[in-house]
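A.B. asks: Sequence plus predicted model, see below.
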Amino acid sequence: MESYQVERLKINYKTLEEFTKFHEYGLPELSMLDDLQANMIENDSLSPFYGIYRDGQLAARISLYRVDAKYDRYFHPAQDHYEIWKLEVLPQYRGQGLGQALVAYAKSLGLPIKTNARRRSDPFWVKMGFVPVHYDPARDRGESPYVWLPAGAELRD
Ligand SMILES: CC(C)(COP(=O)(O)OP(=O)(O)OC[C@H]1O[C@@H](n2cnc3c(N)ncnc32)[C@H](O)[C@@H]1OP(=O)(O)O)[C@@H](O)C(=O)NCCC(=O)NCCS
């Protein structure tokens, strides 16, 4: 399969324009736009998003937040980990390995990963080597949490 270049996305007007093509567009993107317009952040500041460009446009993106160990509620012992949000490949680029390449990038950072399998994407996460966690209503509050464990990492329960 073709190998794709995964890039850290910079916050600028071009990136924010690209984001409007994605289905999952909401407060995080609007707040970046507000911050840019109000000069609260500099043009080309680093964002938590990574992406793959095809044909000169952003074709796939993923948001990766590093969560500090003190907020960890999934792993044992409590440890720094990544949370994946907003993994999305534009419809015309699906089925070409872009989603897998973004998840592989997240795994290459070497920390456990937690995500919320939205929009019936559970089979995709299983294919990526993620496992569902025991559902805890107080902690998970309607999410479908899936995790990926690097060697040596364990689930909390
Ligand atoms: C889910 C999504 C990110 C997958 O991206 P993609 O680039 O199309 O997936 P890939 O081409 O990298 O697929 C990698 C493997 O997963 C499989 N796969 C992809 N989507 C799948 C799905 N919904 N269910 C089961 N398997 C799936 C592929 O068949 C492929 O398997 P193979 O290597 O055996 O051929 C993409 O379909 C998407 O953006 N969906 C809408 C948003 C979404 O659901 N986001 C995830 C939840 S937050």
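C.D. replies: Done, it's in.
A.B. asks: which one is the residue of the chain found nearest the ligand nearest to, not counting chain neighbours?
C.D. replies: Closest residue of the chain to the ligand, Cβ to the nearest ligand atom: G99 (2.4 Å). (Glycine included, C-beta is placed from N, CA and C.) If you skip the residues right next to it in sequence, G99 has V89 as its closest partner in space, 5.0 Å away by Cβ to Cβ, 6 or more residues apart in numbering.
A.B. asks: I'd like to know how far that neighbour sits from E7.
C.D. replies: 15 Å (Cβ to Cβ, to the nearest Å).
A.B. asks: where in this protein is pLDDT low?
C.D. replies: The chain contains residues with pLDDT under 70 at 1.
A.B. asks: Can you show me the helices along the chain?
C.D. replies: With DSSP state H, the ranges of helices along the chain come out as 13-19, 27-37, 98-108, 122-127, 137-140.
A.B. asks: what does stretch 71-88 rub up against?
C.D. replies: The contact list for stretch 71-88, computed with Cβ atoms under 8 Å, 6 or more residues apart in numbering, reads 22-24, 28, 49, 60-70, 99, 102-103, 106, 109, 111-116, 133, 139, 145, 147, 149, 153-157.
A.B. asks: Nice, that's everything, thank you.
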